[in-house]
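Asker: Below are the sequence and a predicted model; questions follow.
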Amino acid sequence: TCHGAGRALSRNASRKTLNKDDVLKYLKDKDISIRVANPKLVTEEAPESYKDVSAVVETCHDAGISTKAVKLRPIAVIKG
């Protein structure tokens, strides 16, 4: 249905409000690998920086734009 839900926080707001170590711990606890070119990018790619993808998928499905097929689980974040 969608490859991304869109940003909930701007990159700047993510950098100002989220803690890099908290984000890394959360991702590790969920078994999600992260590779970034610069450690400052970690907070920009935090789950909290994005809209709830499940809500976006449900809205698209309910509107008839797409049909739900499978639910994927993130395994990695790569930001170069």
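Answerer: Yep, it's here. Residues are numbered from 1 along each chain as shown.
Asker: Give me the distance between the residue sitting nearest the centre point of the chain and Ala63.
Answerer: Centre of the chain computed as the mean C-alpha position; nearest residue by Cα atoms, centre = their mean is Pro47, 3.8 Å away. To Ala63, Pro47 is 24 Å away according to Cβ to Cβ, to the nearest Å. Backbone N, C-alpha and C define where each C-beta goes, glycine included.
Asker: Secondary structure element holding the residue located most distally from the centre of the chain?
Answerer: Largest separation from the mean C-alpha position in the chain: Gly64, at 24.0 Å (Cα atoms, centre = their mean). Using DSSP states H and E, Gly64 is not contained in any helix or strand.
Asker: what residues are up against the residue nearest to the centre of the chain?
Answerer: Counting by Cβ atoms under 8 Å, 6 or more residues apart in numbering, Pro47 touches Tyr26.
Asker: Would you map the helices across the protein?
Answerer: 11-17, 20-29, 53-62 (DSSP state H).
Asker: closest one to Lys79 among those?
Answerer: Smallest distance to Lys79 across these (Cβ to Cβ): 10.7 Å, for helix 11-17.
Asker: How about exporting that closest one as PDB, limited to the C-alpha atoms?
Answerer: Provided in PDB are the C-alpha atoms of helix 11-17 (Å, rounded to 0.1, in the frame of the first residue of the first chain):
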ATOM      1  CA  ARG A  11      14.100  16.700  10.300                       C
ATOM      2  CA  ASN A  12      14.900  19.800  12.400                       C
ATOM      3  CA  ALA A  13      12.200  19.000  15.000                       C
ATOM      4  CA  SER A  14      13.400  15.400  15.200                       C
ATOM      5  CA  ARG A  15      17.000  16.500  15.900                       C
ATOM      6  CA  LYS A  16      15.800  19.000  18.600                       C
ATOM      7  CA  THR A  17      13.400  16.800  20.400                       C
END
